[in-house]
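1. One predicted model, sequence on top.
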Amino acid sequence: MILGAHRSTAGGLWKAPESGRAIGCDGIQIFTRPPQRWAEKPLEPSEIDLFRQALVDYTIRSAVAHDLYLTNLASPNDDLRDKSIRSCITELKRCALLGIGQLVMHCGSHEGCDEQVGMDRFASGVQQSLDESEQDSVMILLETTAGQGKSLGWRFEQIAAFLEQIDRPQLTGVCLDTCHIFAAGYDLTTPESYAETTDTFDRIVGFQRLQCVHCNDSKKDLGSRVDRHENIGQGMMGDVPFRQLMNDKRLGNIPVLLETPDLETHEEDLRKLRSFLLT
């Protein structure tokens, strides 16, 4: 298992591998640009070189990027959807330059239009983004969501349908967020419910499509459909799901990455997760 956390890029992208290694990360997740702005500052060659070298110097085994929060490929608003597609293409190209092999993306919101129409627009938007990015080294990972508002991707069946519609198995996969699926109604809080939920995921989506796990406790209860992350073991999920996850051999070399709300506690959360490993 590749254990790590989302890291800040303050001071330069290349700072993230160093700060990750300092707290014990084997893997990191970053934003390659500010996640709440469309504006993009092109990557300088020196920036690219420094980041790639830092991954080697600090023995980071996996680097994942997260897409902008603004992106909505499912939107019924054509202008927003087109801007989202252009942004996604840009992000895929940035990841390729940086040597980042996976881009995590939210499945968007249908914004009150017909749900199936939103799903179709999202799937075709991902397909177009992959095609027009003209690269074959970066996978788009569809992130499971909590189902807040009109968001898509909160049921495993929706994730499976997206993967089938996009039909690019070499360039698409799944990022499973523990907080999100719990808030969406998938229980993980006992060994039995953890097994039932993960077996359901395997049956509907398939563990072979799982490429990343976001490891977060939840401030809100099971089925709340509210996305609020909490530190490991301090929310409504407790320790059990994370004990089960840390000893789940099906995860293999998949990056398991913290997105808990306080960056200052990531080191403590990583130590706690490692303490759950059975010898």
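-> Cool, got the structure.
2. which residue ranges form the helices in this structure?
-> Shown for the chain, the helices assigned by DSSP state H span residues 15-22, 45-57, 78-98, 115-133, 156-166, 178-183, 191-204, 240-246, 266-275.
3. CSV for those helices, including distance to P34?
-> Where you see a C-beta, it was placed from the backbone N, CA and C, and this is true even at glycine. As requested, these are exported to CSV (distance: least, C-beta to C-beta, whole Å):
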stretch, distance to P34
helix 15-22, 14
helix 45-57, 15
helix 78-98, 12
helix 115-133, 20
helix 156-166, 27
helix 178-183, 23
helix 191-204, 32
helix 240-246, 30
helix 266-275, 20
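4. where in this protein is pLDDT low?
-> Along the chain, the parts satisfying pLDDT under 70 run over 279.
5. at 50 instead, please
-> Within the chain, no stretch has pLDDT under 50.
6. thinking again about what came up before, deepest of the helices of the chain, which one?
-> For these, average neighbour numbers computed from mean count of other C-beta atoms under 10 Å are highest in helix 178-183, which has a mean of 27.
7. who's in contact with that one?
-> Outside of helix 178-183, the residues within contact range by C-beta atoms under 8 Å, 6 or more residues apart in numbering are 143-148, 154, 188-189, 197, 213-218, 220, 222-230, 235-237, 241-242, 245.
8. just the buried members of these?
-> Buried subset of the contacts of helix 178-183 (neighbour count, 16 or more other C-beta atoms under 10 Å): 143-148, 154, 188-189, 197, 213-218, 220, 222, 224-225, 227-230, 235-237, 241-242, 245.
9. Among those residues, name the ones in strands.
-> By the criterion of DSSP state E, membership of the buried ones among the contacts of helix 178-183 in strands covers 143, 213-215, 217-218, 229-230.
10. how about these in JSON lines, adding distance to K41?
-> Putting those into JSON lines (distance: C-beta to C-beta, whole Å) gives the following:
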{"residue": "E143", "distance to K41": "25"}
{"residue": "V213", "distance to K41": "30"}
{"residue": "H214", "distance to K41": "26"}
{"residue": "C215", "distance to K41": "30"}
{"residue": "D217", "distance to K41": "34"}
{"residue": "S218", "distance to K41": "34"}
{"residue": "H229", "distance to K41": "28"}
{"residue": "E230", "distance to K41": "33"}
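11. Among the residues you listed, which pair sits farthest apart?
-> The distance between the two most remote of those (C-beta to C-beta) is 17.8 Å, for E143 and E230.
12. ok, L50 to E91 distance?
-> Per C-beta to C-beta, to the nearest Å, L50 is found 19 Å from E91.
13. With A160 instead?
-> 24 Å.
14. Over to W154?
-> 23 Å.
15. repeat for L270
-> To E91, L270 is 27 Å away according to C-beta to C-beta.
16. just checking, R274 touches I23?
-> No: contact criterion C-beta atoms under 8 Å: R274 and I23 do not qualify, at 11.7 Å.
17. For I30, give its distance to P255.
-> Remark: distance between I30 and P255 (C-beta to C-beta) = 12 Å.
18. ok, now V64?
-> Per C-beta to C-beta, V64 is found 6 Å from P255.
19. for T71, what are its contacts?
-> Going by C-beta under 8 Å, 6+ apart, T71 touches 84, 87-88, 105-106, 108.
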